[in-house]
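# here is a sequence with its predicted model. Questions after.
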Amino acid sequence: MARRTYQKGYIYQEGRNRSDAWLPKDPAYVQFWRDVPGDANPRKQKVCLGICRTRTIAERAAAEKLEQLGINSTQTFIEATSTITFKDQGQIWLKSLANRKRNPLEQTTIDTRRYALDKWIFPFFGDRLLTDVNNLAMRDFVDHISHLAPSTIRDYSNIVKAVVASAINEKAEELFPRKWNEEFIDAPIIEKQNQPSTTSEGMAEILRYADGQFRVLYALLGGCGPLRAGEALGLEIGKHISEDCRTLYVRQKAKRGKIQPNLKTKHGERDIDLCTPLAAMLRDFIGSRTSGLLFCTSTGKQLLQSNTLQDSLHPILKKIEHEKGGFNIFRRFRITQLETAECPKALQHFWSGHAPTHVSERYKKLLKQRDWRLEWAERIGMGFELPARPVAPYAPVIVFPKAG
């Protein structure tokens, strides 16, 4: 549909022709064409301007009214003539997440957002036009999902906003810019969230009941780094572990049965240093193995996080009457240990895989010195005691092909 020319409107008084004399005591009207969302054809509309003593005054009042109504606004025209639905744009947005090169998202993150769209957002907005997704629609949506957790409501609302913002023109400018009114939308405020962690005593209890490779995994997650579970499960012998077992080279992660080269953040690629007791435990666990995943199934395949939680960690936490949590309990414990041990902030950020704040030239040089990092790893220690019983070297079953 071609853009129409600027409208001044048709000024008139009811029952009179344009050639008739203007009546200063009769009301004036302006007639114009108005675009209607979802309709390719504009509709004729009139508005009363009130008493205007002269035609010139009426024309001036008409111009102000048309400006107020946005009749000649480019944005009004775009929104009124757009036929794209929220669902269509949502699908486009999902594809862009998977294909973008800048800050690519993990597949699990994309899957989570697809679930939110399919389960909650698409059914509510249905085939509503994207132009109709505004503050009022957002408030109705928040009311619709009010029984969910405040953090979930925030996440789902942000997805709606991202879908609307993803509609752009050929100049990469937003087609439907929105000024979201949070007070009007009235989403619940997120108060203190439940973030399970553990203590030194809790770590010792968990390790006491953990068997084999699970004990080594939990000891690494809680006693060094901090190290993320996917990063630990992605470690390969001969590639990511130093000969003395005192440094782990985080270069990939394991997720849903696949090895992924992209880590959670761009600062995730890093070296993590271990204290002597933890390194000795790791060395004993590796034994004579020279290659393969550090943690794996009996057939050498990747150890899945979901199976580890279900078969090992959650049963242990239930047995020792510990607050239920995932692998993040170890990460939070380790971060607390680093803070209480007065570890240099630059080293904390480095080991954690977080974006560093201002780092002096001195620390930039020190972070590259392994001896300095090992000294701090030894000084901080693990923050818990390892069980007395040793961990036997792990040897995956070798499956030979059948004869014949």
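Arrived safely.

# how about the strands in this protein?
Along the chain, counting by DSSP state E, strands occupy 10-12, 27-36, 39-51, 247-250, 253-255, 258-260, 270-273.

# for those, which one sits closest to residue 236?
Residue 236 lies closest to strand 258-260 among the strands of the chain, at 8.5 Å (CB to CB). Any C-beta I mention is one placed from the backbone N, CA and C, and that applies to glycine too.

# contact partners of that closest one?
Residues from elsewhere that reach strand 258-260 (CB atoms under 8 Å, 6 or more residues apart in numbering): 106, 230, 234, 252-254, 302.

# what does the domain assignment say about the protein?
10-81, 86-185, 200-380 (automatic domain parsing).

# dump the strands of the chain to a markdown table, plus distance to residue 179, mean neighbour count and mean pLDDT.
A markdown table is the format used below for the strands of the chain (distance: least, CB to CB, whole Å; neighbours: other CB atoms under 10 Å; pLDDT from 0 to 100):
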| stretch | distance to residue 179 | mean neighbour count | mean pLDDT |
| --- | --- | --- | --- |
| strand 10-12 | 33 | 17 | 89 |
| strand 27-36 | 21 | 18 | 84 |
| strand 39-51 | 26 | 13 | 83 |
| strand 247-250 | 42 | 20 | 95 |
| strand 253-255 | 38 | 22 | 89 |
| strand 258-260 | 38 | 13 | 86 |
| strand 270-273 | 40 | 22 | 93 |
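
# contacts only, for the closest residue to residue 277 other than its chain neighbours.
Distances taken as CB to CB, 6 or more residues apart in numbering place residue 386 nearest to residue 277, at 6.1 Å, with adjacent residues excluded. By CB under 8 Å, 6+ apart, residue 386 lies in contact with 207, 219, 277-278, 281.

# to residue 149, which of the strands of the chain lies closest?
strand 253-255 (24.5 Å).

# pairing partners for the closest one, with directions?
Strand 253-255 pairs in its sheet with strand 258-260 (antiparallel), by DSSP bridges.

# picking up where we left off before, can you redo the domains of the chain as JSON lines with distance to residue 193?
Supplementary listing: those in JSON lines, determined by distance: least, CB to CB, whole Å:
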{"stretch": "domain 10-81", "distance to residue 193": "37"}
{"stretch": "domain 86-185", "distance to residue 193": "6"}
{"stretch": "domain 200-380", "distance to residue 193": "12"}
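
# looking at those, which is closest to residue 393?
Of all these, domain 200-380 comes closest under CB to CB, at 2.6 Å.

# where do the helices sit along the stretch 51-200 of the chain?
In the stretch 51-200 of the chain, the helices defined using DSSP state H, counting those that start in this stretch lie at 55-69, 74-81, 86-99, 107-116, 122-125, 135-144, 150-165, 182-185, 200-209.

# dump these to a markdown table, plus distance to residue 371 and mean pLDDT.
Shown next, in a markdown table, are these (distance: least, CB to CB, whole Å; pLDDT from 0 to 100):
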| stretch | distance to residue 371 | mean pLDDT |
| --- | --- | --- |
| helix 55-69 | 71 | 86 |
| helix 74-81 | 62 | 60 |
| helix 86-99 | 43 | 89 |
| helix 107-116 | 37 | 87 |
| helix 122-125 | 56 | 94 |
| helix 135-144 | 55 | 96 |
| helix 150-165 | 43 | 94 |
| helix 182-185 | 51 | 94 |
| helix 200-209 | 27 | 95 |
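
# could you export the ones you listed as JSON lines, including mean neighbour count and distance to residue 292?
Putting those into JSON lines (neighbours: other CB atoms under 10 Å; distance: least, CB to CB, whole Å) gives the following:
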{"stretch": "helix 55-69", "mean neighbour count": "16", "distance to residue 292": "70"}
{"stretch": "helix 74-81", "mean neighbour count": "16", "distance to residue 292": "57"}
{"stretch": "helix 86-99", "mean neighbour count": "16", "distance to residue 292": "31"}
{"stretch": "helix 107-116", "mean neighbour count": "15", "distance to residue 292": "24"}
{"stretch": "helix 122-125", "mean neighbour count": "16", "distance to residue 292": "43"}
{"stretch": "helix 135-144", "mean neighbour count": "16", "distance to residue 292": "49"}
{"stretch": "helix 150-165", "mean neighbour count": "18", "distance to residue 292": "38"}
{"stretch": "helix 182-185", "mean neighbour count": "12", "distance to residue 292": "51"}
{"stretch": "helix 200-209", "mean neighbour count": "18", "distance to residue 292": "24"}
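
# would you turn those into a markdown table with distance to residue 21?
As requested, the helices of the stretch 51-200 of the chain are arranged in a markdown table below (distance: least, CB to CB, whole Å):
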| stretch | distance to residue 21 |
| --- | --- |
| helix 55-69 | 10 |
| helix 74-81 | 35 |
| helix 86-99 | 53 |
| helix 107-116 | 65 |
| helix 122-125 | 54 |
| helix 135-144 | 46 |
| helix 150-165 | 51 |
| helix 182-185 | 49 |
| helix 200-209 | 93 |
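
# which one of those lies nearest to residue 339?
The nearest among these, by CB to CB, is helix 200-209 at 14.3 Å.

# what about the closest one, distance to the chain center?
Using CA atoms, centre = their mean, to the nearest Å, the mean C-alpha position of helix 200-209 is found 32 Å from that of the whole chain.
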